[in-house]
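A.B. asks: no sequence on this one, just coordinates:
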Ligand code: GTP
């Protein structure tokens, strides 16, 4: 059984970070999320991956290649036009096993595949949708199920009093290949809005089961930040790189941090980072690998990707910086989200 990772969307809500980068390649704790995802799934026995790509496909292909470095096999299903979440699955059909897993590659989670598969085998339907429970279902498509977990219908963005449950589609599915006959070729089709309702109508057996553990969609800047704050306060327990230097402070290899620097936890600092005297970093800050931070810099609630340079006296609050940015001396930045044209290095 192989896994299809959907990574072709434009990621418009996470621009400018995704202006020239597929959203699943956004860094999470200084590593592309897609890499965390492949490593996580490999630990659960999945060795064969298909990645459905469209927006900047070369960034993903150049980074992962055949997957050999990670001990897995990766194939790519490339779209010429955006085909939507179901169209992308149909386009990948030649690469898929008779039963396969589909994952929206922009979902940050710690799902265990085994219980999902066991449930799928037990009910015998064509699709199992991993569900997650949310406090406020009014922004989502909510499911109504029978006692066996069969999904009867989806209710889009219900009013709170009309919501049949607080369970929403988590973007993780087990599917039998026969179901792909319901998806037209080379057309833009949404799995959530078109294919699943059609499969329910045809009585193909669409079931849902609640997945456990952390779940967060990184689709917006707020949620992208939230994932990092959850990582730093360990609500989400993905292992963090570097050694822990006091509670809530992680520092990578070969760093040159002046003794007069104040690190306010929680803070994560990558490898080969330099920080000049009297700078204050944290709380809630992530500094990427090979960043250089000058003297008297103030950096709070900020995520900085690899190879950034912050000159002396810069103040950064609640910012997100993509790769290779240079932040001029004494600039004051609040809630800035910046990116630049650049090529992701493998
Ligand atoms: P927004 O433009 O911000 O809505 O983001 P998006 O369209 O990239 O993501 P969305 O949350 O709508 O999609 C969920 C997942 O499916 C993401 O991992 C996307 O990369 C992926 N996806 C969405 N549309 C396509 C598509 O047409 N082709 C492929 N291959 N993947 C897609």
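C.D. replies: Here it is on my side, so go on. None of the values given here were measured: they were computed from a predicted structure. Residues are numbered from 1 along each chain as shown.
A.B. asks: in the stretch 201-346 of the chain, which residue sits closest to the ligand?
C.D. replies: The ligand sits closest to residue 219 of the stretch 201-346 of the chain, with a gap of 4.8 Å, by Cβ to the nearest ligand atom. The C-beta positions use only the backbone N, C-alpha and C, and glycine is treated the same way.
A.B. asks: what sits against the residue nearest to that residue when sequence neighbours are not counted?
C.D. replies: Using Cβ to Cβ, 6 or more residues apart in numbering and skipping residues adjacent in sequence, the residue nearest residue 219 is residue 13, 5.2 Å away. By Cβ atoms under 8 Å, 6 or more residues apart in numbering, residue 13 lies in contact with 219, 220, 221.
A.B. asks: please enumerate the helices of the stretch 1-150 of the chain.
C.D. replies: Here the stretch 1-150 of the chain has its helices, by DSSP state H, counting those that start in this stretch, at 33-43, 57-64, 84-91, 113-123.
A.B. asks: got the residues of this structure near the ligand?
C.D. replies: Proximity of the chain to the ligand is confined to 6-13, 23-24, 52, 54, 79, 82-85, 88, 104-106, 219 under the rule Cβ under 6 Å from any ligand atom.
A.B. asks: give me the phi and psi for residue 274.
C.D. replies: Here is the backbone geometry of residue 274 (degrees, to the nearest 10): phi -110, psi 130.
A.B. asks: now the stretch 201-346 of the chain, which segments are flagged as low pLDDT?
C.D. replies: Scanning the stretch 201-346 of the chain for pLDDT under 70 picks out 342-346.
A.B. asks: just the buried residues out of the residues of the chain next to the ligand, in PyMOL syntax.
C.D. replies: Only the buried members of the residues of the chain next to the ligand end up in this PyMOL selection, burial being decided by 16 or more other Cβ atoms under 10 Å:
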select buried, resi 6+7+8+9+11+13+23+24+52+54+79+83+84+85+88+104+105+106+219
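A.B. asks: nearest the middle, which residue of this structure would you pick?
C.D. replies: Geometric centre of the chain, nearest residue: residue 106, 3.3 Å, by Cα atoms, centre = their mean.
A.B. asks: check contacts around it.
C.D. replies: Per Cβ under 8 Å, 6+ apart, neighbours of residue 106: 7, 9, 11, 23, 24, 33, 171, 217, 218, 219.
A.B. asks: could you do residue 304 as well?
C.D. replies: Counting by Cβ under 8 Å, 6+ apart, residue 304 makes contact with 285, 286, 287, 288, 291, 310, 316, 319, 321, 325.
A.B. asks: mind redoing it with 10 Å?
C.D. replies: Neighbouring residues of residue 304 by Cβ atoms under 10 Å, 6 or more residues apart in numbering: 27, 30, 269-270, 273, 281, 285-288, 291, 293, 310, 316, 319-323, 325, 327.
A.B. asks: looks to me like residue 223 is in a helix.
C.D. replies: Yes. Residue 223 sits within a helix when classified using DSSP: H, G, I helix; E, B strand; the rest coil.
A.B. asks: give me the neighbour count for it.
C.D. replies: 16 (other Cβ atoms under 10 Å).
A.B. asks: distance of it from residue 229?
C.D. replies: Residue 223 sits at a distance of 10 Å from residue 229 (criterion: Cβ to Cβ, to the nearest Å).
A.B. asks: so how far is the longest strand that the chain contains from its chain's centroid?
C.D. replies: When the chain is scanned for its longest strand (criterion: DSSP state E), the result is strand 167-176. Averaging C-alpha positions (Cα atoms, centre = their mean, to the nearest Å) puts strand 167-176 15 Å from its chain's average.
A.B. asks: does residue 188 sit in a helix, a strand or a coil?
C.D. replies: coil.
A.B. asks: let me see the contact set for the closest residue in space to it that isn't next to it in sequence.
C.D. replies: Nearest residue to residue 188, sequence neighbours excluded (Cβ to Cβ, 6+ apart): residue 84, at 4.4 Å. Counting by Cβ under 10 Å, 6+ apart, residue 84 touches 6, 8-9, 90, 183, 187-195.
A.B. asks: coming back round to it: quick one: residues contacting the residue of the stretch 201-346 of the chain closest to the ligand.
C.D. replies: With Cβ under 10 Å, 6+ apart, residue 219 has these contacts: 9, 11, 12, 13, 14, 18, 23, 104, 106, 107.
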